[in-house]
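Undergrad: got a sequence here, can you model it:
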Amino acid sequence: MKPIISKVQQSQLRKDHPVFRPGDTVRVNVRLKEGEEAKERIQPFEGVVMSRRGELLGESFTVRRVSFGIGVERIFPVHSPMISSIDVVRQGRVRRAKLNYLRQRKGKAARIKRVETFEKAPVPAAAE
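TA: Numbers count the residues shown, from 1 in each chain. Now for the predicted structure:
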């Protein structure tokens with residue numbers, strides 16, 4: 001990519017999203033317009049991040065969830081104004097960047113291991 005194009009795109013990137021990777025379970029809050037009026041509502045889409053691709057403004061990610069026994073995948077542009085917010089619900093531990101193998105798995109076989117995050121316990125104040 002040419003340096004001048006990347007510099008222009010750098011200024012348009014959203015910086016309010018959390019860091020997430022493939023294998024993480026995320027809740028993407030999407031803005032939807034209802035009808036012809038200017039009514040707008042937010043609809044959450046929660047699922048496992050299957051992949052991330054692209055760079056700068058062209059970056060997108062795929063989220064998969066199983067709804068009523070049918071797998072549903074949506075591709076979201078990371079820096080889209082239609083995304084209200086992204087929340088990381090659970091971090092997963094996977095060894096691949098693209099989790100296409102989850103499409104053939106069902107039930108417990110489609111589970112992803114959780115990442116164990118250890119927080120430091122607060123140090124008690126010394127009693128004198």
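Undergrad: and the helix or strand harbouring residue 71, which residues are buried?
TA: Assessed by DSSP states H and E, residue 71 sits inside strand 70-77. Residues of strand 70-77 classed as buried: residue 76 (neighbour count, 16 or more other C-beta atoms under 10 Å). Every C-beta, even on glycine, is put in place using the N, C-alpha and C of the backbone.
Undergrad: name the residues that touch the helix or strand that comes right after that strand?
TA: Sequence-wise, the next helix or strand downstream of strand 70-77 (DSSP H and E) is strand 83-90. Strand 83-90 has contacts (C-beta atoms under 8 Å, 6 or more residues apart in numbering) with 16-20, 24-31, 42, 46, 76-77, 114.
Undergrad: strand 83-90 pairs with which strands?
TA: strand 25-34 (antiparallel) (DSSP bridges).
Undergrad: pLDDT averaged over the strand it pairs with - what is it?
TA: In this model, strand 25-34 has a mean pLDDT of 91.
Undergrad: list the buried residues of it.
TA: For strand 25-34, burial by neighbour count (16+ other C-beta under 10 Å) applies to 25, 26, 28, 30.
Undergrad: could you identify the most distant pair in those residues?
TA: 25 and 30 (16.2 Å; C-beta to C-beta).
Undergrad: can you give me the end-to-end distance of stretch 98-106?
TA: 17 Å (C-alpha to C-alpha, to the nearest Å).
Undergrad: gap between that stretch and the chain center?
TA: 17 Å (C-alpha atoms, centre = their mean, to the nearest Å).
Undergrad: what does that stretch contact?
TA: 22, 23, 48, 49, 50, 51, 64, 71, 110.
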